[in-house]
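Peer 1: My questions are about this predicted structure, shown below with the sequence.
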Amino acid sequence: MKSLISSDTFWNDLGKIQNFLENFAIFIKKLGDETFLSTAYLEYQQLKAHVRNNTDLPENIREEVEKFGTNRWQNFLYNPVVIVAYKLDPRYCGSQLNARIFDPIIEKEILSLVGEEYKDIVLTELAEYVGKTGSFAHSNLWGDVIQNPVNWWNLMKGRYPILSDIAIQILSIPATSAASERNWSTFGFIHSKLRNKLHEKRVEKLFICFGICGYYVH
């Protein structure tokens, strides 16, 4: 153990592993803090590129990590709604999607939400959004001006009511349950076995106080 701790090679390898895993920690934190489902696809693609392009670790380890990440994505994280969210988020507009592969999936998912009777209308609205034509043609609607995609779609409801409703519903889905779990943890701390006679309104007020102070009890 002493020889291992005093080895420069050991600490050098440990530093490489730390740098490699740092992006995974950032990925988890972003999904936990981000309120929009559309972030999941973009962050996953960036994480996959980080694994593939990393030269500090042996190729066989990188391949195993990438394989594990792909299986995790396909079996636990992937859902067509994630792709639709990424497409309908005006910050991204599905910029990294292969249109030939994903456009049929997106159209199918959207039509399943609105029904065949609105097919022509919603596909027309979608085409204008993707092509940035019609009311979407104004350059001041795009770029850094977009702070909140849900608010952005609320502004478009008058002109594109059906597509806006779909986008707002999907983009309102959180990427993970982390924020909810933090709330439950705080509620659990406030309304404990020792403080089980607190009125509901009092618990809500105390919870808000915790949020204002910036403390999260885990």
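Peer 2: Yes, it's here.
Peer 1: For stretch 138-151, list the C-alpha coordinates in PDB.
Peer 2: Extracted in PDB, the C-alpha atoms of stretch 138-151 (Å, rounded to 0.1, in the frame of the first residue of the first chain):
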ATOM      1  CA  HIS A 138     -38.400  36.500 -37.700                       C
ATOM      2  CA  SER A 139     -34.800  36.400 -36.700                       C
ATOM      3  CA  ASN A 140     -35.500  38.100 -33.300                       C
ATOM      4  CA  LEU A 141     -37.300  34.900 -32.200                       C
ATOM      5  CA  TRP A 142     -34.100  32.800 -32.300                       C
ATOM      6  CA  GLY A 143     -30.700  32.600 -30.700                       C
ATOM      7  CA  ASP A 144     -29.700  33.900 -27.300                       C
ATOM      8  CA  VAL A 145     -33.000  35.700 -26.800                       C
ATOM      9  CA  ILE A 146     -34.600  32.300 -25.900                       C
ATOM     10  CA  GLN A 147     -34.400  32.000 -22.100                       C
ATOM     11  CA  ASN A 148     -37.300  29.600 -21.500                       C
ATOM     12  CA  PRO A 149     -38.600  27.400 -24.300                       C
ATOM     13  CA  VAL A 150     -42.000  27.000 -22.600                       C
ATOM     14  CA  ASN A 151     -42.500  30.800 -22.400                       C
END
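Peer 1: Run through who's touching it.
Peer 2: Defining contact as CB atoms under 8 Å, 6 or more residues apart in numbering, one finds that stretch 138-151 is touched by 36, 38, 88-91, 132, 152, 167-168, 171-172. C-betas here are computed from N, CA, C, even on glycine.
Peer 1: and what of stretch 83-102?
Peer 2: With contact meaning CB under 8 Å, 6+ apart, stretch 83-102 is reached by 36-38, 40-42, 45, 103, 105-106, 109-110, 129-130, 141-142, 146, 149, 152-153, 163, 166-167, 170-171, 173.
Peer 1: Out of these, list just those in helices.
Peer 2: 38, 40-42, 45, 103, 105-106, 109-110, 129-130, 149, 152-153, 163, 166-167, 170-171 (DSSP state H).
Peer 1: from those, which would you call buried?
Peer 2: 38, 40-42, 103, 106, 109-110, 129-130, 149, 152-153, 163, 166-167, 170-171 (16 or more other CB atoms under 10 Å).
Peer 1: helix or strand right after the helix or strand bottoming out on mean pLDDT in the chain?
Peer 2: The weakest-scoring helix or strand in the chain, judged by mean pLDDT, DSSP states H and E, is helix 178-190 (a mean of 67). Following helix 178-190 in sequence order, the next helix or strand is helix 200-213 (DSSP states H and E).
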